[in-house]
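Q: everything below, folded, please.
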Amino acid sequence: MKKKIIKKYSFLIGLTIFIFIVTRLDFNKLILVLSDINYFYLFLAFLLLFPILITKSYRWNYLMKKQNINYSLKESILMYGSGIFIGIITPGRLGDFIKITYLKNNHCSLGKSAVSVILDRMFDLFFLLIFGYLGMFFFFSLFQNFILFFTLCLVFVLVLFFVFLRTNLIQFSLKKIFNLIISDKYQKSWKINFQDFIYDLKIYKIKDSLFISLITAFSWFIYYVQMFILSKSINITNISFLYLSIAVTMAGFITLLPISIMGLGTRDAVLILLLSTFLITNETIISFSMLIFLMSVLASLIGFWCWLIKPIRISNT
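A: Next up, the predicted model:
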C-alpha cells in the first residue's frame with residue numbers, strides 16, 4: 001500500500017524542486033529574458049520536431065520490417081506520434097508502449113509486437129547512456145568522484161551482457177523472472193508470447209544494429225541542433241554545441257525518473273548545475289528549460305493530431 005502511494009505521488013518531488021528553484025529567481029530578470037526571445041529561432045526549433053518524428057518513425061519501421069510486419073512510413077509516423085502523445089500524458093512515459101497495441105490489432109502476438117517497440121526504446125537509452133557517460137569527462141570537476149564508479153558499473157554490465165549472450169543465460173533468466181511474477185492463470189499465454197519474442201529478437205544481425213545505431217545517432221543530432229537553436233533564441237552564446245548537447249543529454253537522463261511531470265524541476269536543477277559554470281544566469285537557464293518543456297508540449301500536440309488521424313481500437317482478444 002505504501003509503495004502504491006509513493007509511486008502515485010512521486011511526481012511531487014519534481015514539482016517541489018521546481019517551486020524551490022522558481023522562488024529564488026529574480027522575476028524581473030526572468031521576464032526580461034523571456035521578452036527578448038528571438039521568435040524566428042523558436043519557430044525554426046519547432047519545425048525540427050517533424051524530422052525528429054520522421055527519423056524515429058523510420059527507425060521503428062525498419063525494425064518492424066525485419067520482423068515481416070509491414071506498415072507504410074506514413075502509418076508508422078502516425079502510430080509513433082500517437083505513442084508520444086500517450087507517453088507524455090501517462091506516468092513514466094509508459095504510454096509509448098501503446099504502439100504494441102497497434103501491432104496486436106494487426107494480428108501480431110504480444111511477444112512479436114513487443115520486440116520492435118522495446119528495441120526502439122533501448123537504442124535511445126543506450127545512446128544516452130554512452131553519450132552521457134562520455135559527457136561526464138567534459139564536466140570533470142563536477143563528476144570526478146563518480147566517473148570511476150560509473151566506469152566500473154559500465155564494464156561490469158558489458159561483461160555481464162556478453163557472458164549472458166554467449167551462454168543463452170538471458171533467455172533462461174527472463175523465463176525464471178516471468179515464472180515468478182506471472183500467475184498460473186496466464187502461464188501458458190506468456191510462454192507462447194515469450195517464444196515469439198525470443199524468436200523475433202534473433203532475427204536482427206550485427207549489421208542491423210549498426211544501421212539502427214546510425215539512425216539513432218542522426219535523430220539525436222537533429223535534437224541537439226534543435227536545442228542549440230533554442231539556446232540561441234534566448235541569447236545563450238557562450239557555450240559550444242558539444243557542451244550544450246552533453247548538458248541536455250545529462251538532463252534528459254534525470255527526466256526519465258518517474259519523479260516529475262515531463263521533467264519539470266529535475267531538468268531545471270541539472271541544467272542549472274551544468275550551465276551555471278559558464279556564468280549563465282539562473283533566469284536564462286530556467287527560460288531555456290521552459291522552452292525545452294514547450295517543445296515537449298508541442299511534440300505532444302503533434303502526437304495528438306496523429307492520434308486523431310489513427311486512433312487505436314482496443315480489442316478484447
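
Q: skipping adjacent residues, who's closest to residue 50 in space?
A: residue 302 (7.6 Å; CB to CB, 6 or more residues apart in numbering). Where you see a C-beta, it was placed from the backbone N, CA and C, and this is true even at glycine.

Q: how about the helix or strand the one you found falls within: buried residues?
A: Using DSSP states H and E, residue 302 falls within helix 282-309. For helix 282-309, a neighbour-count test (16 or more other CB atoms under 10 Å) marks 282-293, 295-296, 299-300, 302-304, 306-307 as buried.

Q: what helices or strands is it leaning on?
A: helix 11-22, helix 27-35, helix 39-47, helix 49-66, helix 73-89, helix 206-233, helix 266-275 (3 or more CB pairs under 8 Å, 6 or more residues apart in numbering; DSSP states H and E).

Q: OK, contacts around the residue nearest to residue 50?
A: 49, 50, 53, 81, 84, 85 (CB atoms under 8 Å, 6 or more residues apart in numbering).

Q: for residue 134, find the nearest of the helices and strands packed on helix 282-309.
A: helix 206-233 (12.9 Å; CB to CB).

Q: so residue 246 touches residue 133, yeah?
A: No. Using CB atoms under 8 Å, residue 246 is not in contact with residue 133, being 10.4 Å away.

Q: my guess is residue 304 contacts residue 85, does it?
A: Yes. Counting by CB under 8 Å, residue 304 touches residue 85, with 4.8 Å between them.

Q: circling back: for residue 153, find the nearest of the helices and strands packed on helix 282-309.
A: Using CB to CB, the helices and strands packed on helix 282-309 put helix 266-275 closest to residue 153, at 19.4 Å.

Q: what lies in contact with the closest one?
A: 13-14, 17-18, 21, 139, 142, 236, 239, 246-248, 250-252, 254-255, 257, 259-260, 282, 285-286, 288-289, 292-293.

Q: for that helix, what is the average pLDDT?
A: For helix 266-275, the mean pLDDT works out to 87.

Q: report the buried residues of that helix.
A: 266, 267, 268, 269, 270, 271, 272, 274, 275.

Q: just the closest of those to residue 26, please.
A: residue 272 (14.0 Å).

Q: how much space separates that closest one from residue 157?
A: Residue 272 sits 30 Å away from residue 157, going by CB to CB, to the nearest Å.

Q: what's the local residue count around residue 108?
A: Other residues near residue 108 come to 21 when the count uses other CB atoms under 10 Å.

Q: so for it, what's the nearest residue that isn't a sequence neighbour?
A: residue 69 (6.2 Å).

Q: so, low pLDDT: which residues of the chain?
A: 1-12, 89-96, 140-146, 160-201, 257-260, 262, 313-317 (pLDDT under 70).

Q: repeat the analysis, applying 80 as the threshold.
A: 1-15, 18, 87-97, 104-114, 133, 135-204, 253-265, 312-317 (pLDDT under 80).

Q: show me just the buried residues among the contacts of residue 302.
A: For the contacts of residue 302, buried by 16+ other CB under 10 Å: 49, 53, 81, 84, 85.
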